[in-house]
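Asks: Need the 3D shape of this:
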Amino acid sequence: MENPQQVPSNLAAEKSPTAPSMALQPFQLSELDASATPEAVVGNLADVELDLRVELGATQLSLAQIMKLRRGSVVPLDVAISEPVRLFADEQLIAMGEVMVLNDQFCIRITKLIQGQDQEGAEASSQDLSTDMEVEDAA
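Replies: Just a heads-up that it's a prediction; the model follows:
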């Protein structure tokens, strides 16, 4: 077995008389700008657009139940009407809120902002409520 620091002879590069010789130099990092505040960094990102999604509730249905869905079918969700909805920014839970209507459009009134460790608790409480539910037909 060859020495691990030694390049195997079959992989060793052949020197070409026409190839220019390049000297390798160590990479130098410049000093970071210590004056850059978190607000300035976030300010640079202020125009980045994110997809927002509101989750009213969830349920799990079998394929057979989904195939039975018709116009007028009612699908019960795993949350009570008094519970807050969840607001996601690019799949990240950011807030809880209440559904409202303003100028004939749905909107969300933020009731709680979610930060760091709060996310796990909010997601766990929603998952605790999930159950298998039957689809009802509204005939």
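Asks: could you pull out the helices for the protein?
Replies: 38-45, 63-67, 118-128 (DSSP state H).
Asks: These: lowest mean pLDDT?
Replies: Among the helices of the chain, helix 118-128 carries the lowest mean pLDDT, a mean of 51.
Asks: quick one, longest strand in the chain?
Replies: Ranked by residue count and defined by DSSP state E, the top strand of the chain is strand 92-102.
Asks: How about residues contacting it?
Replies: With contact meaning Cβ atoms under 8 Å, 6 or more residues apart in numbering, strand 92-102 is reached by 54, 56, 84-88, 106-114, 119, 122-123. From N, CA and C alone the C-beta is placed, and that goes for glycine too.
Asks: Could you identify the buried members of the residues you listed?
Replies: Buried members of these, counted by 16 or more other Cβ atoms under 10 Å: 84, 85, 86, 87, 88, 108, 114, 122.
Asks: Can you flag which of these belong to strands?
Replies: Short answer: the buried ones among the contacts of strand 92-102 in strands (DSSP E) are 85, 86, 87, 88, 108.
Asks: Poorly predicted segments of the chain, please.
Replies: 1-21, 32-36, 117-139 (pLDDT under 70).
Asks: cutoff 90 now
Replies: 1-48, 81-82, 115-139 (pLDDT under 90).
Asks: Name whatever forms a beta bridge with the nearest residue to residue 114 once chain neighbours are set aside.
Replies: Using Cβ to Cβ, 6 or more residues apart in numbering and skipping the chain neighbours, the partner closest in space to residue 114 is residue 93 (5.2 Å). Per DSSP bridges, the residues bridged to residue 93 are residue 88.
Asks: let's have the chain start at 621 instead
Replies: In the new numbering, first residue 621, that becomes residue 713.
Asks: Thank you kindly, that will do.
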